[in-house]
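Trainee: here is my input; please provide its structure:
(chains A and B)
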Amino acid sequence: MKTEKKGWKEIPIAGVCWKPSTEYLTGDWKTYKPVRDPEKCKLCLLCVIFCPDGAIHWKPEENDLEFDYNFCKGCGICANECPFKAIEMKL
Amino acid sequence: MFSEWKFTIREIAEKPDLFMSGHRACAGCGPATVIRLVLKAVRGPTIVTCATGCMEVVSTIYPYTAWATPWIHTAFENVAANASGIEAAIKVLKRKGRIKQHIDVIAFAGDGGTYDIGIQALSGAVERGHDFLYVLYDNEAYMNTGIQRSGGTPHGAATTTSPAGTVIPGKPQYKKPIADIMVAHDIPYVATASPYYWKDLITKARKGLEVEGPAFLHVIAPCPRGWRYDTSKSIEISRLAVETCIFPLWESINGEYQLSAPSKTIALKPERKKPVEEYLKTQGRFRHLFTPKFKGVIEEIQRITDKRWQRLLKKCGIN
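Mentor: Residues are numbered from 1 along each chain as shown, chains lettered A, B, ... in the order given. The predicted model follows:
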């Protein structure tokens, strides 16, 4: 695969990183995928706090949670820490 | 001395992440949660500097960066020197009238960059009294290079340079009490924290930023690859470390020790203190301790944990 690379004149001085990591999707690392049961979920938001990847977003205007599978690495911390057992890891 | 900053879980969840998604830490990384939570405590413009280590490697793989703050990478040994340089530059720019607002400085380093390699730069920076917050995310070995033992590795843990075998039961030495060393430098704020007690962690990070002068925050950060456990257990293990008193939570304000709420409950109700086996059996790095050959090592770990816990209670004035 051929990719366009920048020449030495275009790259920033001292090799400063110039792209946000949100352009790099880590979602394809996962085997298991967290699935939330909205019936059991009490919106305690502990999963938002504990997620190492910041892949669970709290949407205050909709009063709901959203899992961002583009970044979720499938570690299962959210399912393990959920006090209501509302998250299940599925293949 | 400290502002009465109160927050709810919703406010924290609404605050944008300054350590963004898309970093390439392993699944279930404890330090990544710790850094996300510490950066939720910032109160304004902040400059972050990071020693070489896991969190530096995973967050800035060229050309991507996971940091939404100004960020400077530095070598393993001099993150504290770098932070003092940043703080001194801000002070000069303020004196010359080039900048008006206050800028906070946070230094992140792992246990290798703090316990072993970075301690002389850290000791010098806090002795000079620079105003910065130093956060030690302690995953108890050099995880990034392949699990070599460090000064922060606990007694009995198997690593690639202290393998459990016929001769030794994992690391023969004990964990260095780094936070007590920092208290001995007579700095205004030292604290220990665990990501399971997230409210306590964020409050302590904010206190460290607010205090005038150097602040040191020691956070336990379980590592699924190095500690050999399932990726989903990171936060659970950080809770067990506190409940077994292997990693008690306390803070020292101007040298006065006081226990934080989770550990204070255990101090007042000793029946809630769990035996160290409950913590050890969750991790593969201690698996060999449950064979008949190394049976005495668990008792030794319990003895040293109790000794350090009693010493801490005495410092906090609890009998």
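
Trainee: please make it C-alpha for all contacts and neighbour counts, starting now.
Mentor: Fine.

Trainee: so what's A:K59 closest to, chain neighbours aside?
Mentor: Spatially, and ignoring its direct neighbours in sequence, A:K59 is nearest to A:L65 (5.9 Å; C-alpha to C-alpha, 6 or more residues apart in numbering or on different chains).

Trainee: what are the buried residues along stretch B:52-66?
Mentor: If you call a residue buried by 16 or more other C-alpha atoms under 10 Å in any protein chain shown, then stretch B:52-66 has these buried ones: B:T52, B:G53, B:C54, B:M55, B:E56, B:V57, B:V58, B:S59, B:T60, B:Y64, B:T65, B:A66.

Trainee: got a list of what the residue nearest to the first one when sequence neighbours are not counted touches?
Mentor: It refers to B:T52. In this structure, B:T52 finds its nearest non-sequential neighbour in B:F76, 4.8 Å apart by C-alpha to C-alpha, 6+ apart. If a contact means C-alpha atoms under 8 Å, 6 or more residues apart in numbering or on different chains, then B:F76 has B:A51, B:T52, B:G53, B:G112, B:G113, B:I117, B:G118 as its contacts.

Trainee: likewise B:I168?
Mentor: Taking C-alpha under 8 Å, 6+ apart as the definition of contact, the neighbours of B:I168 are B:S162.

Trainee: cool, and B:Y64?
Mentor: For B:Y64, the contact set (C-alpha under 8 Å, 6+ apart) comprises A:C17, A:W18, A:K19, A:P20, A:S21, A:E23, A:Y24.

Trainee: so B:V190 is in contact with B:G213, correct?
Mentor: No: counting by C-alpha atoms under 8 Å, B:V190 stays clear of B:G213, with 11.2 Å between them.

Trainee: okay, the two: which has more neighbours?
Mentor: B:V190 (29 against 18; other C-alpha atoms under 10 Å in any protein chain shown).

Trainee: quick one: the residue most central in space within chain A and chain B, what's the gap?
Mentor: To find the centre residue of chain A, average its C-alpha atoms and take the closest one (C-alpha atoms, centre = their mean): that gives A:A55, at 2.3 Å. Counting by C-alpha to the nearest C-alpha, to the nearest Å, the gap between A:A55 and chain B amounts to 7 Å.

Trainee: dihedrals phi and psi, that residue?
Mentor: Main-chain torsions, A:A55, degrees, to the nearest 10: phi -90, psi 0.

Trainee: residues of chain A that sit close to chain B?
Mentor: A:15-26, A:44-46, A:48-55, A:57-60, A:71, A:73-81 (C-alpha under 8 Å from any C-alpha of the partner chain).

Trainee: try 6 Å
Mentor: Proximity of chain A to chain B is confined to A:17-22, A:24-26, A:52-54, A:71, A:73, A:75-77 under the rule C-alpha under 6 Å from any C-alpha of the partner chain.

Trainee: taking those residues one by one, which sit in strands?
Mentor: Counting by DSSP state E, the part of the residues of chain A next to chain B found in strands is A:K19, A:P20.

Trainee: next step: the residues of chain A next to chain B restricted to helices.
Mentor: By the criterion of DSSP state H, membership of those in helices covers A:I77.

Trainee: quick one, which of the residues of chain A next to chain B are buried?
Mentor: Applying a neighbour-count criterion of 16+ other C-alpha under 10 Å, the buried members of the residues of chain A next to chain B are A:17, A:20-22, A:24-26, A:52-54, A:71, A:73, A:75-77.

Trainee: tell me which stretches of chain B form helices.
Mentor: Listed in chain order, the helices of chain B (DSSP H) span residues B:9-14, B:30-39, B:54-59, B:79-95, B:119-128, B:178-184, B:198-210, B:224-227, B:234-243, B:261-268, B:277-280, B:295-315.
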